[in-house]
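Asks: missing the sequence, but the structure's below:
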């Protein structure tokens, strides 16, 4: 046994290790499939990846950009991929109902909803759950969601409201930073992925129109990936069926920052469109060729809408392999 091995043994830290043997809370062993190939690539550099299984991922956007529906779509895919897994959902907006959950194809028997109103309450409950989870002899897959950070208050703010004090609470950003300072490492050690939704606002006085995420720097430091969401309506005739979600990687430790994609989010149990966005990626890297308003496929030309209506016919194994190589070049560092 070398000196470094002795240091590890004497430290009593069960997560300490020689780097060549792997880093317990840092290495990403696997990913949570989001249900969208192109969004997977934005977060991980691979169509078959997704959000990291032991990190915090933030989804930020203005009101009604689909942050909650987006998170629920990932929750459904996580539960489908892990038949014995569970989800802890911290909810701050009183916007979630049993009908909403079940109408999106989510197994409500494996999802626990925790209403929380303050940062302190969220921090305490989340840490207690992780600590208890770590003591389990057999740990089934687990996922956390906080929806949303922007609506969390503080104990001081609650007291001020009760006492009719018109004073702004200046401790909120520090409390958020403290909460994630404690929780982020615990989640990494427990290999629990966490999605945090948050609001964005327009920066006043900025020369170029700029959006910023609320809540101070706590989540910015804690999250390994921060995705800004925007939207445009998706209609089927005159009926609104979903949103085209514009996604930008504002921060990423796994892929190129500043990368942008579009994906489609349905309001029903279809959730995120699995294939939307692949045509554009394919055209960019020569997998597909556009001729006018059609796409050349083999010896024929097809409308893009026809391809998306029957994706398995056109996105063959060979095509998907080429698209995976394209995704690696487009989104991965050194690609």
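Replies: Yep, it's here. Values in this document were obtained by computation on a predicted structure and should not be read as measured data.

Asks: all strands for the protein, in order.
Replies: With DSSP state E as the criterion, the chain has strands at 31-32, 51-52, 56-61, 86-91, 111-115, 142-147, 194-202, 211-213, 225-236, 239-252, 260-266, 289-291, 294-297, 300-302.

Asks: can you lay out the ones you listed as TSV showing mean neighbour count, distance to residue 334 and mean pLDDT?
Replies: All C-beta atoms are positioned from the backbone trio N, CA, C, and that covers glycine. Converted to TSV, these look like this (neighbours: other Cβ atoms under 10 Å; distance: least, Cβ to Cβ, whole Å; pLDDT from 0 to 100):
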stretch	mean neighbour count	distance to residue 334	mean pLDDT
strand 31-32	22	19	96
strand 51-52	26	18	96
strand 56-61	25	22	96
strand 86-91	20	34	98
strand 111-115	16	38	97
strand 142-147	24	30	97
strand 194-202	21	27	91
strand 211-213	18	28	82
strand 225-236	17	18	80
strand 239-252	18	14	85
strand 260-266	20	19	93
strand 289-291	11	27	89
strand 294-297	16	30	88
strand 300-302	13	34	87
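
Asks: quick one, which of those strands is nearest to residue 319?
Replies: Residue 319 lies closest to strand 294-297 among those, at 9.1 Å (Cβ to Cβ).

Asks: where does the stretch 51-200 of the chain dip in pLDDT?
Replies: 161, 167-170 (pLDDT under 70).

Asks: out of the strands of the chain, nearest to residue 163?
Replies: Across the strands of the chain, closest to residue 163 is strand 111-115 (Cβ to Cβ), at 23.4 Å.

Asks: so which elements touch the closest one?
Replies: Applying 3 or more Cβ pairs under 8 Å, 6 or more residues apart in numbering; DSSP states H and E, we find strand 111-115 packed against strand 86-91.

Asks: gap between the strand it packs on and the chain center?
Replies: In this view, strand 86-91 has its centroid 14 Å away from the chain centroid, taken as Cα atoms, centre = their mean, to the nearest Å.

Asks: what pairs with that strand, parallel or antiparallel?
Replies: strand 111-115 (parallel), strand 142-147 (parallel) (DSSP bridges).

Asks: switch the ones you listed over to TSV, and while doing so, append distance to residue 9 to every line.
Replies: What follows is the strands paired with strand 86-91, written out as TSV (distance: least, Cβ to Cβ, whole Å):
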stretch	distance to residue 9
strand 111-115	38
strand 142-147	29
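
Asks: just to revisit the earlier point, relative to residue 166, which of the strands of the chain is closest?
Replies: Nearest to residue 166 among the strands of the chain is strand 194-202 (21.5 Å), distances taken as Cβ to Cβ.

Asks: other residues contacting the closest one?
Replies: Residues from elsewhere that reach strand 194-202 (Cβ atoms under 8 Å, 6 or more residues apart in numbering): 51, 55-63, 67-68, 70-71, 74, 143-150, 187, 209-215, 219, 223, 228.

Asks: what lines up beside it in the sheet?
Replies: strand 56-61 (parallel), strand 142-147 (parallel), strand 211-213 (antiparallel).

Asks: reformat those strands as TSV; add distance to residue 171.
Replies: Converted to TSV, the strands paired with strand 194-202 look like this (distance: least, Cβ to Cβ, whole Å):
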stretch	distance to residue 171
strand 56-61	21
strand 142-147	19
strand 211-213	19
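
Asks: among the strands of the chain, which comes closest to residue 162?
Replies: Of all the strands of the chain, it is strand 111-115 that lies closest to residue 162, at 18.6 Å by Cβ to Cβ.

Asks: contacts for that closest one next, please.
Replies: The contact list for strand 111-115 (Cβ under 8 Å, 6+ apart) reads 75, 79, 86-92, 94, 96, 101, 125.

Asks: return the member of those residues nearest to residue 134.
Replies: Taking Cβ to Cβ as the measure, residue 88 is the one of the contacts of strand 111-115 closest to residue 134, at 14.0 Å.

Asks: neighbours of residue 180, how many?
Replies: 26 (other Cβ atoms under 10 Å).

Asks: who's in contact with it?
Replies: Neighbouring residues of residue 180 by Cβ under 8 Å, 6+ apart: 56, 218, 219, 221, 222.

Asks: please apply the same query to residue 14.
Replies: No contacts exist for residue 14 under Cβ under 8 Å, 6+ apart.

Asks: could you list which of the contacts of residue 180 belong to helices?
Replies: If you go by DSSP state H, these have 218, 219, 221, 222 in helices.

Asks: buried subset of these?
Replies: When these are checked for burial by 16 or more other Cβ atoms under 10 Å, the buried set is 218, 219, 222.

Asks: kind regards, and thank you for your time.
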